[in-house]
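Engineer: Below: sequence and its predicted model.
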Amino acid sequence: MPKLSGVDLAASLRERLDCQIIFISAYSDKEYYRSAIKFQVLDYVEKPINLDELIDALKREVSAFRVRETTISFKPVIAETLPAETALCEKILNVIRENYCDPDLNIPSICKKVYSSRSNVCAVFKQVTGKTLNEAIMECRMAKARGLLRYTDLSFTDIARCSGFRDPNYFTKFFKKRTNQTPSEYRKESSND
């Protein structure tokens, strides 16, 4: 592409859109591949393009998109939720959906992005969803990890990073604690579905 690399385009898209990205490239350089992962590229197809490989990538994208879309959609737990509380909660959920892959996503960073105090953000989110912010962040990360394990052949290290975990060993322990399966057990079982 003239004047813009694929990595630059992915960065620009991530700033503007909530979309799925498939990289199609002649580069087989690992650094380029890692740069693509940084922008949550779910699949990487090398040129010359094998049509079956591209179709498989598109199928994985659709499946992963479905997983991501159902990641965190909490319904209000009380009927008397005020419109302002619902609006704040939606802003919070959007911040989580857009930033779950950032290992530094936490309550203070969410508060900055929604321009509200910690006590207000935590209280409103818990009141509206019945979940704590940390629970919501981890549920989102785990849903992404399950989708990547099921629909891609990315390494566990790459999946950990794409899901917002800095340490792959911590990811494995956390995943096992939440699902009673290691990531490899989960991948093996879900491939049989």
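Structural biologist: Good, I have the coordinates. Here the structure is a predicted model, which is why all the values come from computation and not from measurement.

Engineer: Identify the residues contacting the strand or helix carrying Lys188?
Structural biologist: Taking DSSP states H and E as the criterion, the element that holds Lys188 is helix 183-191. Contact partners of helix 183-191, identified using CB atoms under 8 Å, 6 or more residues apart in numbering, comprise Ala145, Arg146, Leu149, Arg150, Phe156, Ile159, Phe171, Thr172, Phe175, Thr179, Gln181. Quick note: C-beta positions are derived from backbone N, CA and C, even for glycine.

Engineer: Please narrow the residues you listed to those residing in helices.
Structural biologist: Counted as lying in helices by DSSP state H, out of these, are Ala145, Arg146, Leu149, Arg150, Phe156, Ile159, Phe171, Thr172, Phe175, Thr179.

Engineer: Just the buried ones from the residues you listed?
Structural biologist: Burial by neighbour count, 16 or more other CB atoms under 10 Å: within the ones in helices among the contacts of helix 183-191 this picks out Ala145, Arg146, Leu149, Arg150, Phe156, Ile159, Phe171, Thr172, Phe175, Thr179.

Engineer: Kindly confirm whether my reading is correct that the fifth one touches Tyr170.
Structural biologist: Spelled out, that is Phe156. No - judged on CB atoms under 8 Å, Phe156 makes no contact with Tyr170 at a distance of 11.7 Å.

Engineer: tell me the domain ranges of the chain?
Structural biologist: Using automatic domain parsing, the domains assigned to the chain come out as 1-51, 70-193.

Engineer: Can you tell me how far the nearest residue to Arg118 once chain neighbours are set aside is from Leu105?
Structural biologist: Leaving aside its chain neighbours, Arg118 sits nearest to Cys111 (5.2 Å; criterion: CB to CB, 6 or more residues apart in numbering). Separation of Cys111 from Leu105 (CB to CB, to the nearest Å): 12 Å.

Engineer: Now do the spatially most central residue of the chain, the pLDDT please.
Structural biologist: The centroid of the chain falls nearest to Lys144 when counting by CA atoms, centre = their mean (4.7 Å). pLDDT for Lys144: 87.
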